[in-house]
Structures are given as C-alpha cells and as structure tokens.
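Colleague: Give me the fold of what follows.
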Amino acid sequence: MGEGEVPTGKPMGKRPLGVPRYRWEDSIKMDLQEVGWVGGMGLIDLAQDRDRWRALINAVMNLRAQ
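Modeller: The predicted model follows:
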C-alpha cells in the first residue's frame, strides 16, 4: 500500500437481528468499568482531565497486557 492510501473494505457478515450496534464509546465504558471507574464524571469531562484520563488509560493498557 502506497503513501496516502486508505485501506478500504467491508465488514464480513451481518449483525444478528436485535443486537445493537457496538460503538467505540461502549468499548471505552466497558474498559473503564474493568479498572474500577464508577462513572461519577462524564466521559468528556474525564477526557479533559488529562492526568486522570492518562492514569485510567494506563490502567486499562496494563490490564490488557497481562
């Protein structure tokens, strides 16, 4: 693939009827729950608090590395 080219493709298969779309935000929330984030702050506020956001992301990354 050359410089500046964007990979393209289609997802394989279909989502079963009645199963909601899985969003990026849902993935973030599940990861944060795994490390004990209780959700007192909204995600936007949390992301704007750089120190707290970085600490949570590092915790999630360490969880995934195990």
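Colleague: For the rest of this, base every contact and every neighbour count on C-alpha atoms.
Modeller: Noted.
Colleague: Which stretches in the protein count as helices?
Modeller: The residue ranges that make up the helices of the chain, judged by DSSP state H, are 24-34, 43-48, 50-65.
Colleague: could I get those helices as a markdown table with distance to residue 10 and mean pLDDT?
Modeller: Below are these laid out as a markdown table (distance: least, CA to CA, whole Å; pLDDT from 0 to 100):
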| stretch | distance to residue 10 | mean pLDDT |
| --- | --- | --- |
| helix 24-34 | 18 | 81 |
| helix 43-48 | 29 | 83 |
| helix 50-65 | 27 | 84 |
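Colleague: Tabulate the ones you listed (JSON lines), appending distance to residue 15 and mean neighbour count.
Modeller: What follows is the helices of the chain, written out as JSON lines (distance: least, CA to CA, whole Å; neighbours: other CA atoms under 10 Å):
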{"stretch": "helix 24-34", "distance to residue 15": "16", "mean neighbour count": "13"}
{"stretch": "helix 43-48", "distance to residue 15": "27", "mean neighbour count": "12"}
{"stretch": "helix 50-65", "distance to residue 15": "26", "mean neighbour count": "13"}
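Colleague: Arrange those in JSON lines, one row each, with distance to residue 6 as further columns.
Modeller: As requested, the helices of the chain are arranged in JSON lines below (distance: least, CA to CA, whole Å):
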{"stretch": "helix 24-34", "distance to residue 6": "20"}
{"stretch": "helix 43-48", "distance to residue 6": "28"}
{"stretch": "helix 50-65", "distance to residue 6": "27"}
